[in-house]
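>>> generate a structure from the sequence data that follows.
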Amino acid sequence: MRRTVTLSLQPCIVSCAMQAGHLLSVTAAGADSEMILDLVAVLFYAAAAMLLFFFLVSRVILPLKAGIVKTALAIATFIVLMAAAVRAGYHLGFSAWAVLPALILVGTAADEWYAAKHRKRLKGAPPVETTDTRLSLRRPLTTTDLHVSRYDVRLPDWTGPDFRVVHISDFHVTERLPYDYYRGVVERAAAASPDLVFVTGDFLVTNTSLPALRDVLQGLSGRCGAFATLGNHDYWTGPDAIRDAVQEAGLDLVGNETRRVGIGGHSVLVSGCEDPWAPTSWEPPVAQEGEPLLVLSHTADNIYRISRAGAAAAFAGHYHDGQFKLPLIGALVIPSIYGRRFHHGHFVIGETHLFVSAGIGVAGPAHRVYCRPDLFVIDFRGRQGAG
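Next up, the predicted model:
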């Protein structure tokens, strides 16, 4: 009898053990699911925080004067946003509070869609010729891989001869990049045989490189002149010393001023717009009939005002095309009130051709990632122009 009872209890014990194991596995699976959900929530909040950080850097932090305060502010902003995102994601999860990161993600997507829509609508003709320096995923560092693009632009009201402009921006001369690299840029500009040379600001990062700047700019000239404006870094560093160095090298500084330049018996107006950093604001000049207005502006944020002034062409830099880019995504940070709308290249706003260079040098880290420095050669043709 005792043996019978013992045998009859074995199936019960086995059944209980199986149920307990199943219960433990369900509990573990529930815990794993909860952990996964928490992780997804944290990543969701962190993605929104990162996009908010990029927005604040582009629109608020980068326009500030360079220095330790600016760097500290950028680092502190990143730490605070990411810490808040992790804490909120873990404790709040996908509660009603999740609408806040959702709004940031949707707002960022809408902002980029709006910028992309305008980029497509305003995009000008591509270059007719470029140097054969293709980007390679295996070579992310492109700091000194100079890229030259040549554009062909017709000015319907210009009755003079064809003329060539070489546009350079953002030298940012520093000992962190080879001196020979900068001289090579000037030699490439000279080899293009320009009628006009335009340099749209940011010659230096610190005044310690002033002697090198004077040497770098030697020989930078065009048949009808070389003209320049200052940029934000020039004003932050010390505009008077930089003006002296640039003028000693033979360039004509046209900051918020205008020059009438003769080309083959005709004339063009070359004007400089240094807003918003100059102490005085740019006043659009009055051009004569058939006289194209060419405007140098360190930032393309001024383009709508320049276009309303009737400019035939405008030349800008400042953005560095982001300096750091991701394949298929592009620049993460562009210091512009318009985001990535005019980040780089040729655009047409009304009747105004806008050229935005990626620049020559670097600001901040002495590297470019998947972002080549460049130099533009623009051939302007009028009614009598060939091609």
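>>> part of a helix, is S33?
Yes: with DSSP: H, G, I helix; E, B strand; the rest coil as the criterion, S33 is part of a helix.
>>> confidence score at it?
pLDDT, S33: 81.
>>> which is the next helix or strand following the strand or helix carrying V42?
Element membership for V42, per DSSP states H and E: helix 2-56. Counting by DSSP H and E, the next helix or strand C-terminal to helix 2-56 is helix 68-91.
>>> just the CA trace of that next one, in CSV.
Included here for helix 68-91 are C-alpha records, laid out as CSV according to Å, rounded to 0.1, in the frame of the first residue of the first chain:
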residue,chain,number,x,y,z
ILE,A,68,36.3,78.1,-23.3
VAL,A,69,32.8,79.3,-22.4
LYS,A,70,31.4,78.2,-25.7
THR,A,71,33.1,74.8,-25.4
ALA,A,72,32.0,74.3,-21.8
LEU,A,73,28.4,75.3,-22.8
ALA,A,74,28.3,72.7,-25.6
ILE,A,75,29.6,69.9,-23.3
ALA,A,76,27.3,70.9,-20.5
THR,A,77,24.3,71.0,-22.8
PHE,A,78,25.1,67.5,-24.2
ILE,A,79,25.5,66.0,-20.7
VAL,A,80,22.4,67.6,-19.3
LEU,A,81,20.2,66.6,-22.3
MET,A,82,21.5,63.0,-22.4
ALA,A,83,21.2,62.5,-18.6
ALA,A,84,17.7,63.9,-18.6
ALA,A,85,16.8,61.6,-21.6
VAL,A,86,18.1,58.5,-19.8
ARG,A,87,16.3,59.3,-16.6
ALA,A,88,13.1,60.2,-18.3
GLY,A,89,13.1,57.2,-20.5
TYR,A,90,13.7,54.8,-17.6
HIS,A,91,11.2,56.4,-15.1
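>>> can you list contacts of that helix?
38, 41-46, 48-50, 52-53, 56-57, 61, 64, 97, 101 (CB atoms under 8 Å, 6 or more residues apart in numbering). (C-beta placed from N, C-alpha, C; glycine too.)
>>> now a PyMOL select for only the buried ones of the residues you listed.
Entered in PyMOL, the line below selects the buried ones among the contacts of helix 68-91, by 16 or more other CB atoms under 10 Å:
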select buried, resi 41+42+44+45+46+48+49+50+52+53+56+57+61+101
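>>> could you export stretch 130-140 as PDB, CA atoms only?
Provided in PDB are the C-alpha atoms of stretch 130-140 (Å, rounded to 0.1, in the frame of the first residue of the first chain):
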ATOM      1  CA  THR A 130      35.300  69.000 -61.100                       C
ATOM      2  CA  THR A 131      38.600  67.500 -60.000                       C
ATOM      3  CA  ASP A 132      38.600  63.800 -59.700                       C
ATOM      4  CA  THR A 133      38.700  63.500 -56.000                       C
ATOM      5  CA  ARG A 134      35.900  61.100 -55.000                       C
ATOM      6  CA  LEU A 135      34.900  60.300 -51.500                       C
ATOM      7  CA  SER A 136      35.700  56.900 -50.200                       C
ATOM      8  CA  LEU A 137      34.200  55.100 -47.200                       C
ATOM      9  CA  ARG A 138      37.600  53.700 -46.400                       C
ATOM     10  CA  ARG A 139      39.100  57.200 -46.200                       C
ATOM     11  CA  PRO A 140      36.900  59.300 -43.800                       C
END
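>>> run the chain-centre distance for that stretch.
Centre-to-centre, stretch 130-140 and its host chain are 18 Å apart (CA atoms, centre = their mean, to the nearest Å).
>>> identify each buried residue in it, please.
Neighbour-count burial for stretch 130-140, counted by 16+ other CB under 10 Å, picks out 131, 140.
>>> list the contacts of R183.
R183 makes contact with 215-216 under the criterion CB under 8 Å, 6+ apart.
>>> what do you get if the cut-off is 7 Å, keeping everything else the same?
V216 (CB atoms under 7 Å, 6 or more residues apart in numbering).
>>> how near is it to R368?
Distance, R183 to R368, by CB to CB, to the nearest Å: 19 Å.
>>> do the same with A311
Distance from A311 to R368, by CB to CB: 30 Å.
>>> those two: which has the busier surroundings?
Each of A311 and R368 has its neighbours counted (other CB atoms under 10 Å); A311 has more, 28 against 24.
>>> list of residues touching stretch 204-213?
The contact list for stretch 204-213 (CB under 7 Å, 6+ apart) reads 172-175, 179, 203, 233-234, 237-238, 241-242, 245, 363.
>>> where do the strands of the stretch 201-350 of the chain begin and end?
Ranges of strands in the stretch 201-350 of the chain, per DSSP state E, counting those that start in this stretch, are 226-229, 252-253, 258-263, 266-273, 293-297, 313-316, 325-326, 330-331, 345-349.
>>> closest to S307 out of those?
Taking CB to CB, strand 345-349 is the member of the strands of the stretch 201-350 of the chain nearest to S307, at 4.5 Å.
>>> next secondary structure after that closest one?
Going down the chain from strand 345-349, the next helix or strand is strand 352-356, by DSSP H and E.
>>> mean confidence for that next one?
Averaging pLDDT along strand 352-356 yields 98.
>>> what's the angle from the helix or strand that that strand is followed by to strand 293-297?
Per DSSP H and E, the first helix or strand lying C-terminal to strand 352-356 is strand 374-381. Angle, strand 374-381 to strand 293-297, by axes from the mean of the first three to the mean of the last three CA atoms, to 10 degrees: 170 degrees.
>>> and strand 374-381, average pLDDT?
Taken as a whole, strand 374-381 has an average pLDDT of 98.
>>> and the contacts of it?
Contacts of strand 374-381 (CB under 7 Å, 6+ apart): 146-155, 158, 162-168, 185, 188-189, 192, 355, 357-358, 387.
>>> keep only those of those residues that are in helices.
185, 188-189 (DSSP state H).
>>> tell me how many other residues crowd Y235.
When neighbours are defined as other CB under 10 Å, Y235 has 20 of them.
>>> for it, report the pLDDT, please.
On pLDDT, Y235 comes in at 96.
>>> just R138 next, same as before
Listed pLDDT for R138 reads 89.
>>> could you do the one 4 residues further on as well?
At T142, the model reports a pLDDT of 95.
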